[in-house]
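> Mind folding the following:
(2 chains)
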Amino acid sequence: MLSIDERWDLIDKISKKTVKFGKYKHTLKDAVGELTVKPLTGIPVAVAVLYGFWSVFSSFAGFCTDGFLVKIFDGYWLPWLQNIFPGGLHNWLYNLMVDAGHIENGVLVPSDNCFEAFGVLTSGLFVPFGVVLPAVFIFYLMMTLLEDIGYLPRLAVLIDTVLHKIGLHGYAIVPTILGFGCNVPAVTATRILETKKQRFMMMTLLGIFIPCGAQLGIMEEVIPDTMGFVILYLLFGYFVFGFILNKIIPGKSPEILIDIPPYQRPTIHNVRKKVWIRVSGFLKVAVPFVILGCLIVGVMYITGFMDWLANALSPLLTNWFGVPKETVGPLVAAFMRKDLAVAQLSAIEMTKYQMITSVVLVSIYFPCLATFIMILKEGGKELLGSLAALVASVFIFGGLIHLIWILLGVA
Amino acid sequence: MNKYTIGKIYFGVLGIVTLAFGVAELVVTAGGDSFSWSILEIPNGIFRGGWGGVIILSAGSFYLSGIKNLSEIHQFSKIVMGSILIWIVAGCDIFAMITESIPGEEGWFNSLEGFLETYAPPYPPAIILLPFSLIVIYYIYKRKVA
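Numbers count the residues shown, from 1 in each chain, chains lettered A, B, ... in the order given. Below you'll find the model as predicted:
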């Protein structure tokens, strides 16, 4: 047993052998690191990083989906299934599994692409594997690289002031960015926030205003021209509703200290492992829900329930939100999977402005089932409050967008 | 003239040219039509022309603010950051070219002619600036050796 003095002597001996004393000289890495956290220089860098992120995401997703996977699914998989699956367009099982067809000049004709076929074996596989998988893969790859390089904590410092205005702090950027990949792990990541109030706010904002990577991938595919507006509306909603929630929800939003690691070179092993865990986790959640979504929506169409629902909700959809009543189908599908719903919207005839409103509505009207379950698990009974905020935001935000179109004279 | 005096002049000129390209991208984007002259093509889309233009403009500003007292590490890091911003935009442009050049319009893969055509000029400003921005690597190396 060592006495206190002996312990201190031992500490002195160890520190003399292991610690170098002297004036610390700033390295280039330190200086570059400082530039990325100071607002004046850090903001242009953040703008460039987000530009690179988005540009690589679009190029890679387009390369895989338009370059190869659409050709496989539309050129080979769909025609093959249409040929070998028994029944044909007037058979309910065929409609459910392969192709629901569509009406052209009063005649039911087969679909020529997997987006519109809406069968379990066509759209049900094309959406998760043909469109979403490349988008989610590249999203997680880039996010992991930013994380491992050490840029994410710097982004947290940079955005801390802005997020404090809505009652969150810089680390809220982690679940927010994760949410752009998949909302399910993002809800789990809200645990890094300090108080119940912050976690509740973050979960609510994630569920309503952050489109997941799957949805972004589909939007990039079906509405590339209007996607910027949709994201702008969602981000606007994120900050406005965050500000309102911060004012009405009781609780604290404390300051935090953020430890910034030095920039470092990412290791291939770590990146590969993280990307694999995230992509495989995503597929486990996405594929069953997309297939289930196709099945439920198909059954609702076949039984005529969807038409009944469309007629019942028609006054609300057309008068308040200004979208066609046919959007009720995608809204039902959005409860299962948002990406599936956006794909379904692309098959409905509407103006560019109605499409923007519809995609925003699909994004905000309800979190997908998997996220809903996760919020229920993480948030418990507070979920009811989150749902109330959600209902209010759908009506206010949806009506507000319609009002903007009316004022601009385009609705 | 020592190497830092040459560096000051070089990055000063590069900064002015980069800044001018950034302004040109924003003006062209605001105008609505893309602009092409010789091997240069200034894109006009909101994303590539607008957002990209802001980044090129920032890169120019980094260069110009870093040339004073270039030997000092914090000033030199601004020059490095200016180059990094150009690398990000140019890297994205080159990656987009690669992803466009491989798949074919009708068949699986592009023809050799179509493949090579994708890489032919005109080029956006960031790609033209790219080789000039690489000089910073020499200065990083020299600093390391010293």
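
> who touches A:Pro211 in this structure?
With contacts taken as CB atoms under 8 Å, 6 or more residues apart in numbering or on different chains, A:Pro211 has the following neighbours: A:180, A:219, A:230-231, A:234, A:338, A:363. In this view, the C-beta of every residue, glycine as well, is placed from N, C-alpha and C.

> Would you convert these into CSV that also reports neighbour count?
Supplementary listing: the contacts of A:Pro211 in CSV, determined by neighbours: other CB atoms under 10 Å in any protein chain shown:
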residue, neighbour count
A:Phe180, 20
A:Met219, 26
A:Val230, 23
A:Ile231, 18
A:Leu234, 18
A:Lys338, 28
A:Ser363, 26
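
> Helices - which of those land there?
Using DSSP state H, A:219, A:230-231, A:234, A:338, A:363 are the members of those that sit in helices.

> got the residue ranges for the helices in chain B?
For chain B, helices defined by DSSP H occupy the ranges B:3-31, B:52-66, B:73-101, B:112-118, B:125-133, B:135-145.

> So which of those helices is the most surrounded?
For those, average neighbour numbers computed from mean count of other CB atoms under 10 Å in any protein chain shown are highest in helix B:52-66, which has a mean of 24.

> ok, B:Lys78 touching B:Ser65?
Yes: look at B:Lys78 against B:Ser65 with CB atoms under 8 Å: they come within range, at 5.5 Å.

> Common neighbours of these two, please.
Between them, B:Lys78 and B:Ser65 have no joint contacts when contacts are counted by CB under 8 Å, 6+ apart.

> picking that back up, spatially, which two of the ones in helices among the contacts of A:Pro211 are the most separated?
Within these, two members stand farthest from each other by CB to CB: A:Ile231 and A:Lys338, at 13.7 Å.

> Report the distance from stretch A:344-361 to the chain centre.
18 Å (CA atoms, centre = their mean, to the nearest Å).

> Now render the helices of chain B as a markdown table, adding mean pLDDT and distance to chain A.
Compiled in a markdown table, the helices of chain B are given as follows (pLDDT from 0 to 100; distance: least, CB to the nearest CB, whole Å):
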| stretch | mean pLDDT | distance to chain A |
| --- | --- | --- |
| helix B:3-31 | 92 | 11 |
| helix B:52-66 | 96 | 4 |
| helix B:73-101 | 96 | 4 |
| helix B:112-118 | 92 | 12 |
| helix B:125-133 | 96 | 11 |
| helix B:135-145 | 90 | 7 |
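
> any chance of the ones you listed in a markdown table, with distance to A:Leu408 too?
Compiled in a markdown table, the helices of chain B are given as follows (distance: least, CB to CB, whole Å):
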| stretch | distance to A:Leu408 |
| --- | --- |
| helix B:3-31 | 20 |
| helix B:52-66 | 26 |
| helix B:73-101 | 32 |
| helix B:112-118 | 38 |
| helix B:125-133 | 34 |
| helix B:135-145 | 47 |
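
> nearest to A:Arg154, of these?
Distances from A:Arg154 to each of the helices of chain B were compared by CB to CB, and the smallest falls on helix B:73-101, at 12.8 Å.

> Taking their axis directions, the closest one and helix B:3-31 sit at what angle?
If you take axes from the mean of the first three to the mean of the last three CA atoms, to 10 degrees, helix B:73-101 sits at 50 degrees to helix B:3-31.

> tell me the mean pLDDT over stretch A:107-125?
Stretch A:107-125 shows a mean pLDDT of 85 in the predicted model.

> Give me the residues contacting it.
Among residues not part of stretch A:107-125, those counted as contacts by CB under 8 Å, 6+ apart are A:70, A:73-74, A:77-78, A:81-82, A:85, A:89-90, A:94-103, A:126, A:130, A:222, A:290-291, A:293-295, A:297-298, A:340, A:343-344, A:346-347.

> can we see that at 7 Å?
By CB atoms under 7 Å, 6 or more residues apart in numbering or on different chains, the residues outside stretch A:107-125 that reach it are A:73-74, A:78, A:81-82, A:89, A:96-102, A:126, A:130, A:290-291, A:294-295, A:298, A:343, A:346-347.

> Please list the residues outside stretch A:323-330 that contact it.
Where contact means CB under 7 Å, 6+ apart, the residues beyond stretch A:323-330 that reach it are A:297, A:306, A:309-311, A:313-314, A:317-318, A:341, A:344-345, A:348, A:350, A:354, A:357-358, A:361-362.

> got the contact list for the residue of the stretch 151-300 of chain A found nearest chain B?
Nearest residue of the stretch 151-300 of chain A to chain B, counting by CB to the nearest CB: A:Gly228, 6.5 Å away. The neighbours of A:Gly228, taking CB under 7 Å, 6+ apart as the test, are B:Ile46.

> Wasn't it part of a helix?
Yes: judged by DSSP: H, G, I helix; E, B strand; the rest coil, A:Gly228 forms part of a helix.

> show me what contacts the residue positioned nearest the centre of chain B?
Nearest to the geometric centre of chain B sits B:Ala126, at 2.6 Å (CA atoms, centre = their mean). With contacts taken as CB under 7 Å, 6+ apart, B:Ala126 has the following neighbours: B:52, B:56, B:86, B:89-90, B:93.

> Let me see the ranges of the strands in chain A.
For chain A, strands defined by DSSP state E occupy the ranges A:102-104, A:107-109.

> Throw those into a markdown table and include mean neighbour count, thanks.
Compiled in a markdown table, those are given as follows (neighbours: other CB under 10 Å):
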| stretch | mean neighbour count |
| --- | --- |
| strand A:102-104 | 11 |
| strand A:107-109 | 11 |
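
> and A:Ile173, which of those is closest to it?
The closest of these to A:Ile173 is strand A:102-104. By CB to CB, the value is 42.5 Å.

> counting contacts, what elements does that closest one pack onto?
Under the contact definition 3 or more CB pairs under 7 Å, 6 or more residues apart in numbering or on different chains; DSSP states H and E, strand A:102-104 sits against no other helix or strand.

> picking up where we left off before, relative to B:Val145, which of the strands of chain A is closest?
Evaluated with CB to CB, the strands of chain A place strand A:102-104 nearest to B:Val145, the distance being 68.5 Å.

> Strand partners (parallel or antiparallel) of that closest one?
Strand partners for strand A:102-104, identified by DSSP bridges, are recorded as strand A:107-109 (antiparallel).

> picking up where we left off before, from the ones in helices among the contacts of A:Pro211, which single one is nearest A:Pro175?
Nearest to A:Pro175 among those: A:Leu234, at 15.4 Å, using CB to CB.

> Look up the closest residue to that closest one, ignoring the ones flanking it.
Residue nearest to A:Leu234 in three dimensions, not counting chain neighbours: A:Phe209, with 4.9 Å by CB to CB, 6 or more residues apart in numbering or on different chains.
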